[in-house]
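**Q** Mind looking at a prediction? Sequence and model below.
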Amino acid sequence: MTDSTSLEEATEDNGVLALEGVSRVYGTEVLVRALDDVSLEIRAGEFLSIVGPSGSGKSTMLGLLGVLDLPTEGAIRVRGTDVTRLADAERSRLRGEAIGFVFQQFHLIPHLTALGNVETALLYRGLSPRERRSRAMYALEQVDLGARHNHRPVQLSGGEQQRVAIARAISTDPGVVLADEPTGALDSQNAEKVLQIFDDLQSPERAICIVTHDLHVADSARRKISMLDGQIVADELLGAGAGS
Amino acid sequence: MATAGLTARKVRTLLIMLGPILGVSAIVAAIGINESSKGHLKAKLQELGTDLIVVNASAGLGFGQDPVIEAAAVARVGRLPDVAAVTGTRQLSDIVTVPFAGAEDYYRAFPVPVIATGTDLPHTLDVPLVSGRFLNDFDEASGARVAVIGRDLADEYGYLAGEARTIELNGLEYGVVGVLDWVLLEPSMDSAVFLTFTAAVNDWNLDDPDPSRLYVRAPEHTALVAKEIPTVVSLGGPDGANASVPTDLLDAQSQVDESLNNLTKMMGGLALIVGGVGIANVMSISVIQRSSEIGIRRALGHSRGTIAVQFLFEALVVGVFGGILGALVGAGVVWGVASQRGYTMVLSVAGLVGWALVSVGVAVVAGLYPSSKAARLEPLETLRLG
Ligand SMILES: Nc1ncnc2c1ncn2[C@@H]1O[C@H](COP(=O)(O)OP(=O)(O)OP(=O)(O)O)[C@@H](O)[C@H]1O
Ligand SMILES: [Mg+2]
């Protein structure tokens, strides 16, 4: 399924994720052009935010960046490979390896413990149960929840659940973490803590991309993408964020 | 709280297992009971011997009288080359039997057949005496008031072996000289009183000592002999007779059982199919309920195939456990029925495994639709709803 030429391209630049002329049209009778000919490249180690009014296509774009959805037109490149041409198994494997997700609604599996939730991301990767467990524990410790690994989602606060979700996203050591309004359901104190964690997680090997309504959050990033009506209207590098 | 969802799922899992359990257990039980009773029947046929012929006199052109087989005809049957033994009997009517005088009120409710018989009945039927002796030639010649009774009647009247007892027949006292063991082919004899023909003629105004029924033992060519007997009895005259081999009837009875068993098997098959539909149904609902979990796992990199396999695996588990439990329940039913009816249990392990596997197959086929539905879910849509 994978053609070797596109895999070789992958190593040529440091773009981890890219959209090339991507459009996404929803619906069959009433067509909604949620994304209109958008191109965007996320490079290793970047910390970027995506802002824009409601309905401007932020979530749609993030879904496409994370290969959870397929575009109506255009290509999505993960480490250089156009995933729109891959079979599902291969696309899923790439998604699991290269990308970590964090959602506004946390989306933890309710009947699993914190540890079980993180381990879910490590399944089907040829890891032994012990290895899986220790990597999941390590990820939980990174978000300061090692002691709570046996707790189920209902036993955790919203902020803690979101931190478990972050641990799950980074447990596979992905090149990029995509977050759709990760602080949207949190109070300001918890939001602050979650943002701090994102800040700590960003490294030369790992890009972070956050969709947000919060201008404070947006400005803590080093690169800010502004959207309107399914198009990118501004792509700025922020001096303040780059300094830290 | 957190485990509520899981327990609910456990109960649900048990509920959807009911289909395969019912189906497999019904089929296994039907087959097992059928095989066991067939085995029992075979053993019983062996025990009874398949060489006994029962001949009943049938009404000729004569008036009024009950049909009988005349002494000359009995002798002709006895002279047939393949006939080893012949005994004639005749049931007497309107005799009230009680263990002692004055017990009528209590014992009238138990009808006791009174049978006049030749003296070699135990030999012909190949049935031993439990105690005492059978009627003999002296009894026959003298017309003495002696009787032999069936084993169940002896129990009913509380007779002890070796005890000198009498029995009252319409107020006439007869001495009981022996107790005949159970007669498998003629269970009515188990509660009967046997007298000599002479006593029957003397005391019960029988016109002549002719039997209405013959028991004929023919070890060789049984069927052929049974076919000849009516002709030999009537010799073209008006008196007729029907001959039958009772063990043939038992065989026919087993055929009836067979069709009943087929019905049970069909109902078991139906239960399996309905169970399969139930699995498909419940799992489809489960896919909807767990769609957000499916979306999450897709986002974490689990492929459509992985999701499909997980749901198929759940169906497989239901099928395997349903099949095993069903086979065990079915085997239990067979055991219960067999021990209640005194059969030896016949149950093939290959059959148990086979039907359990059918349940697995049904469950997996039933799981195909829900699991493909789970695999086709669009992750982004399920996450938006969740
Ligand atoms: N499954 C869908 N079917 C039809 N239209 C959709 C679907 N998903 C999104 N849309 C439409 O596409 C447009 C972009 O939606 P999107 O969710 O990307 O916006 P957003 O920028 O994330 O908004 P918000 O800030 O409110 O989350 C909207 O007009 C929305 O109504
Ligand atoms: Mg959105």
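**A** Cool, the structure landed. Numbers count the residues shown, from 1 in each chain, chains lettered A, B, ... in the order given. Ligands and ions are numbered 1, 2, ... in the order given.

**Q** Could you identify the helix or strand that succeeds the worst-scoring helix or strand of chain B on mean pLDDT?
**A** Least confident element among the helices and strands of chain B, by mean pLDDT, DSSP states H and E: helix B:104-107 (a mean of 70). Under the assignment DSSP states H and E, the closest C-terminal helix or strand after helix B:104-107 is strand B:114-117.

**Q** what are the pairing partners of that next one, and which direction each?
**A** strand B:85-92 (antiparallel), strand B:193-195 (parallel) (DSSP bridges).

**Q** Extract the CA atoms of the least confident helix or strand of chain B and return them as CSV.
**A** Output of helix B:104-107 as CSV, limited to C-alpha atoms (Å, rounded to 0.1, in the frame of the first residue of the first chain):
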residue,chain,number,x,y,z
GLU,B,104,-64.2,-55.1,49.5
ASP,B,105,-64.8,-51.4,50.3
TYR,B,106,-61.2,-50.7,50.3
TYR,B,107,-59.9,-52.9,47.5
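
**Q** how about CSV for the strands paired with strand B:114-117, with distance to residue A:215 added?
**A** (Each C-beta comes from the backbone N, C-alpha and C, glycine too.) Shown next, in CSV, are the strands paired with strand B:114-117 (distance: least, C-beta to C-beta, whole Å):
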stretch, distance to residue A:215
strand B:85-92, 112
strand B:193-195, 113
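
**Q** Out of the ones you listed, indicate the one that is most buried.
**A** The highest mean neighbour count among those, using mean count of other C-beta atoms under 10 Å in any protein chain shown, belongs to strand B:193-195: a mean of 24.

**Q** in the very next helix or strand once past that one, what's buried?
**A** Next helix or strand after strand B:193-195 toward the C-terminus (DSSP H and E): helix B:197-203. Across helix B:197-203, burial judged by 16 or more other C-beta atoms under 10 Å in any protein chain shown covers B:197-200, B:203.

**Q** Which secondary structure elements does the least confident helix or strand of chain B sit against?
**A** Applying 3 or more C-beta pairs under 8 Å, 6 or more residues apart in numbering or on different chains; DSSP states H and E, we find helix B:104-107 packed against strand B:97-98.

**Q** related to what we said a few turns ago, of the buried residues of helix B:197-203, closest to ligand 1?
**A** residue B:200 (100.0 Å; C-beta to the nearest ligand atom).

**Q** Give me every residue in chain A lying close to chain B.
**A** Residues of chain A lying close to chain B (C-beta under 8 Å from any C-beta of the partner chain) are A:63, A:66, A:68-69, A:88-89, A:92-93, A:95-97, A:101, A:103, A:105, A:107-111, A:120-121, A:123-124, A:152, A:154-155, A:168, A:172.

**Q** Low-confidence stretches in chain B?
**A** Applying pLDDT under 70 to chain B flags residues B:1-8, B:46, B:60-65, B:107-109, B:237-238, B:250, B:252-257, B:385-386.

**Q** circling back: whichever of the residues of chain A next to chain B end up buried, select them in ChimeraX.
**A** The ChimeraX command for the buried members of the residues of chain A next to chain B (criterion: 16+ other C-beta under 10 Å) is given here:
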select /A:63,66,68,69,92,93,95,96,101,103,105,107,108,109,111,120,121,124,152,168,172
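
**Q** What about the residues of chain A next to chain B, which are in helices?
**A** Among the residues of chain A next to chain B, the ones falling in helices (DSSP state H) are A:63, A:88-89, A:92-93, A:95-97, A:120, A:168.

**Q** Show me which of the residues you listed is closest to residue B:379.
**A** Of all these, residue B:379 sits closest to residue A:63, with 8.5 Å by C-beta to C-beta.

**Q** mind putting the strands paired with strand B:114-117 in JSON lines, distance to ligand 1 included?
**A** Listed next are the strands paired with strand B:114-117 as JSON lines, based on distance: least, C-beta to the nearest ligand atom, whole Å:
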{"stretch": "strand B:85-92", "distance to ligand 1": "90"}
{"stretch": "strand B:193-195", "distance to ligand 1": "93"}
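
**Q** so which of the ones you listed gets nearest residue B:125?
**A** Proximity to residue B:125 (C-beta to C-beta) singles out strand B:85-92 among those, at 7.6 Å.

**Q** Convert the C-alpha atoms of that closest one to CSV, please.
**A** Taking C-alpha atoms only, strand B:85-92 is exported to CSV below (Å, rounded to 0.1, in the frame of the first residue of the first chain):
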residue,chain,number,x,y,z
ALA,B,85,-43.6,-73.5,23.6
VAL,B,86,-47.3,-72.5,23.6
THR,B,87,-49.5,-71.4,26.5
GLY,B,88,-53.1,-70.4,26.3
THR,B,89,-54.8,-67.8,28.6
ARG,B,90,-58.2,-66.4,29.1
GLN,B,91,-59.2,-63.4,31.1
LEU,B,92,-62.3,-63.9,33.3
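
**Q** got a list of contacts for it?
**A** B:68-69, B:74, B:77-78, B:113-118, B:120-121, B:123-125, B:195, B:197, B:200, B:204, B:206, B:210-217 (C-beta atoms under 8 Å, 6 or more residues apart in numbering or on different chains).

**Q** circling back: from the ones in helices among the residues of chain A next to chain B, pick the one nearest ligand 1.
**A** Distance to ligand 1 across these (C-beta to the nearest ligand atom) is lowest for residue A:63, with 7.7 Å.

**Q** wouldn't the closest one be in contact with residue A:70 here?
**A** No - with contact defined as C-beta atoms under 8 Å, residue A:63 does not count as touching residue A:70 (9.6 Å).

**Q** residues in contact with residue A:70?
**A** Each residue near residue A:70 by C-beta under 8 Å, 6+ apart is listed here: A:64, A:76, A:84.

**Q** Neighbour-wise, give me the winner out of the residues you listed.
**A** Neighbour counts for these, by other C-beta atoms under 10 Å in any protein chain shown, peak at residue A:64, which reaches 27 neighbours.

**Q** Kindly give the local confidence score, pLDDT, for it.
**A** pLDDT recorded at residue A:64 is 95.

**Q** Show me what the strand or helix carrying residue A:41 is in contact with.
**A** In the assignment (DSSP H and E), residue A:41 maps to strand A:32-43. Strand A:32-43 is touched from outside by A:14-26, A:48, A:57, A:60-61, A:64-65, A:71, A:73-74, A:176, A:207, A:209, A:225, A:229-232, A:235, with contacts defined as C-beta under 8 Å, 6+ apart.

**Q** What about those residues, which are in strands?
**A** Cross-referencing those against strands under DSSP state E gives A:15-26, A:48, A:73-74, A:176, A:207, A:209, A:225, A:231-232, A:235.

**Q** Pull out the buried members of those.
**A** Among those, those that count as buried by neighbour count (16+ other C-beta under 10 Å) are A:15-20, A:22-24, A:48, A:74, A:176, A:207, A:209, A:225, A:232.
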